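Asker: the sequence isn't on hand, but the structure is:
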């Protein structure tokens, strides 16, 4: 198993540009989520999904869109990038959304995004 | 809403010395508690977790943590650190009740190992 994969590893954008951060998992996990990591802030939940076709907002959803058309993929879209979105983005997945938070979450390696 | 406090931003420990990283949480009931480690340029790896039962939990890489309800704490310990333990450590709390709750993370403690 590859686990949770993310692409790209690094990206530089100009203000106002759009892009999609890709996340895929091959563990057949129902639950997937996106976090952003900022210095001195820890990780904060952006969006999450409990299964294909179902998404919801986390703590810091503004400026981001998600969709979940398949179990494997959970892309994160920035429609109009802003410097405040400069961050490291982590995708995570866990086995069973109904099983709750006790299931171990697996994290991808992260995408470093710089918005100029 | 739950919250996590890691009081120490940086900790420096000599190789071979013992380690304790502090974590305090705020939650209305007994939470799920986690410790994650992040090596430079890497994603997060789960060290250990507490859900119920024995309040002393063992994890990978020789780490352990003790849940103390009276102090709302979940401190991470290791008896003898190795240079490879240098990393960022995150404590996290998850709400009980199932569903799709995410984790709430502390701001992290950066561990520096002196030779």
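Answerer: Nice, thanks for sending it over. These numbers come from a predicted model, not from an experiment. Numbering: from 1, shown residues only, chains lettered A, B, ... in the order given.
Asker: please, which helix or strand holds the residue positioned nearest the centre of chain A?
Answerer: Residue closest to the mean C-alpha point of chain A, counted by C-alpha atoms, centre = their mean, is residue A:34 at 2.7 Å. If you go by DSSP states H and E, residue A:34 is part of strand A:31-38.
Asker: OK, contacts around the residue found closest to residue B:112 once you drop the neighbours it is linked to in the chain?
Answerer: Once flanking residues are discounted, residue B:112 sits nearest to residue B:12: 4.4 Å by C-beta to C-beta, 6 or more residues apart in numbering or on different chains. Where C-beta positions appear, they are placed from N, C-alpha and C, glycine not excepted. Contacts here follow C-beta atoms under 8 Å, 6 or more residues apart in numbering or on different chains; on that basis residue B:12 touches B:112-114.
Asker: is it true that residue B:12 lies in a strand?
Answerer: Yes - counting by DSSP: H, G, I helix; E, B strand; the rest coil, residue B:12 is found in a strand.
Asker: and it, how far from residue B:82?
Answerer: Look at residue B:12 and residue B:82: by C-beta to C-beta, to the nearest Å, they are 15 Å apart.
Asker: would you map the helices across chain A?
Answerer: Assigned by DSSP state H, the helices in chain A number zero.
Asker: shaky segments in it?
Answerer: Applying pLDDT under 70 to chain A picks out residues A:1, A:96-103.
Asker: OK, contacts around residue 35?
Answerer: Since you didn't name a chain, this refers to chain A. Residue A:35 is in contact with A:43-46, A:58, A:89-92, B:102, B:105, counting by C-beta under 8 Å, 6+ apart.
Asker: that's the wrong chain, I meant chain B
Answerer: So residue B:35 contacts B:21, B:23, B:46-49, B:59, B:63, B:65, B:74, B:76, B:89-92 (C-beta under 8 Å, 6+ apart).
Asker: nearest residue to it other than its sequence neighbours?
Answerer: Of all residues not flanking residue B:35 in the chain, residue B:47 sits nearest, at 4.4 Å (C-beta to C-beta, 6+ apart).
Asker: angles on the backbone of the one you found, please.
Answerer: Dihedral angles of residue B:47 (phi, psi; degrees, to the nearest 10) stand at phi -90, psi -50.
Asker: what's the neighbour count on it?
Answerer: Close neighbours of residue B:47, defined as other C-beta atoms under 10 Å in any protein chain shown, add up to 23.
Asker: that one and chain A, how far apart?
Answerer: Distance, residue B:47 to chain A, using C-beta to the nearest C-beta, to the nearest Å: 11 Å.
Asker: and residue 17, what does it touch?
Answerer: Going with chain A. Counting by C-beta under 8 Å, 6+ apart, residue A:17 touches A:80-81.
Asker: my question was about chain B
Answerer: When the contact criterion is C-beta under 8 Å, 6+ apart, the partners of residue B:17 are B:80-81.
Asker: neighbouring contacts of stretch A:69-84?
Answerer: A:13-26, A:28-30, A:32-34, A:46-47, A:49, A:51-53, A:63-68, A:85, A:89, A:91, A:93, A:113, A:115-116.
Asker: partner strands of the strand holding residue A:34 and their direction?
Answerer: In the sheet, strand A:31-38 lines up against strand A:42-51 (antiparallel), strand A:87-94 (antiparallel) (DSSP bridges).
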